[in-house]
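**Q** Fold the stuff below for me.
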Amino acid sequence: MRSIRLQREHTALLLGVLVAGLLLGVWNAALFGVGRAAAGSGLHLSRYQVSGFQGPLAFLGGAAPLPPAPASAATPGAARDAHLVVGAPSLSAAAIDAILGEYGSPAQGQGAVFYQMGRKYGIDPAFALAFYVEESHCGTRGVARFTHGIGNIRWTPGFDSYEGYRAYPDYATGIEDWFKLIRELYVDGWGLQTVGQIVPRYAPPGDNNDPASYIATVEDLVAGWRGRSGT
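**A** Have a look, this model is predicted:
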């Protein structure tokens with residue numbers, strides 16, 4: 001009898017182990033499936049780190065990665081998107097100077113620099129000019145009166161500083177830095193190519209900005225200037 005009882009106990013223990021193993025396998029499979037689903041959905045489990053982008057443009061760390069621009073925005077030969085910053089100049093150097101003059105800008109006479117930097121970096125200078133209007137009324141308000149900058153870019157090592165903003169020795173240097181920033185970080189680094197994609201990163205609500213208003217202003221200015229020039 002004792003032998004039969006031990007055999008039954010051994011059988012029950014073995015069945016318990018088998019059932020426990022089966023349940024553990026099902027649980028692991030479920031977790032694996034969830035993990036694959038999360039990976040397939042594009043879920044980001046980490047935030048952008050400053051160390052992930054080297055050089056003087058690394059000052060915008062801490063923001064969660066944004067999706068790349070739609071494939072249609074970068075399709076070669078596609079018609080110009082009215083809000084796509086990447087492209088050939090839509091304003092001449094003379095037209096840019098005329099607009100700077102309308103605002104009484106201290107940067108008047110730099111139209112050729114805007115135009116040349118637009119060609120060099122593949123960014124339509126109409127957008128640089130519109131950002132300049134929105135940020136400082138073309139250098140007539142705020143820190144831009146003293147920095148030679150067109151975009152009120154926060155200071156980082158390697159630049160002179162004025163009240164926490166990058167300061168430049170002349171307008172040519174300040175203008176090029178804006179184009180370089182947009183091209184290398186926003187377009188090439190983050191894949192952002194339209195005003196609507198760039199502004200929430202460039203002027204986030206956390207810095208007391210209204211991105212929706214900012215976007216509308218830039219888009220309206222560019223559209224108006226292009227209309228005047230027949231572009």
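
**Q** ok so S105 is a helix residue?
**A** No - applying DSSP: H, G, I helix; E, B strand; the rest coil, one finds S105 to be coil, outside a helix.

**Q** Check the burial of the spatially closest residue to it that is not a sequence neighbour by counting its neighbours.
**A** Distances taken as Cβ to Cβ, 6 or more residues apart in numbering put C138 closest to S105, at 3.6 Å, once the chain neighbours are dropped. Where you see a C-beta, it was placed from the backbone N, CA and C, and this is true even at glycine. By the measure other Cβ atoms under 10 Å, the count of residues near C138 is 22.

**Q** cool, and G158?
**A** Neighbour tally, G158, other Cβ under 10 Å: 8.

**Q** repeat for the one 5 residues further on
**A** Other residues near E163 come to 10 when the count uses other Cβ under 10 Å.

**Q** any idea how far it lies from G104?
**A** Distance of E163 to G104, given as Cβ to Cβ, to the nearest Å: 22 Å.

**Q** and what of D188?
**A** D188 is 35 Å from G104, by Cβ to Cβ.

**Q** what's the answer for E184, then?
**A** 31 Å.

**Q** okay, the two: which has more neighbours?
**A** E184 (15 against 11).

**Q** Surely the more buried one is within a helix?
**A** Yes - counting by three-state DSSP, E184 is part of a helix.

**Q** can you give me the helices for this structure?
**A** With DSSP state H, the ranges of helices along the chain come out as 2-40, 93-102, 111-121, 125-136, 144-147, 171-181, 195-202, 211-229.

**Q** Flag every buried residue along the fifth one.
**A** This means helix 144-147. Of all the residues in helix 144-147, those buried under the rule 16 or more other Cβ atoms under 10 Å are 144, 147.
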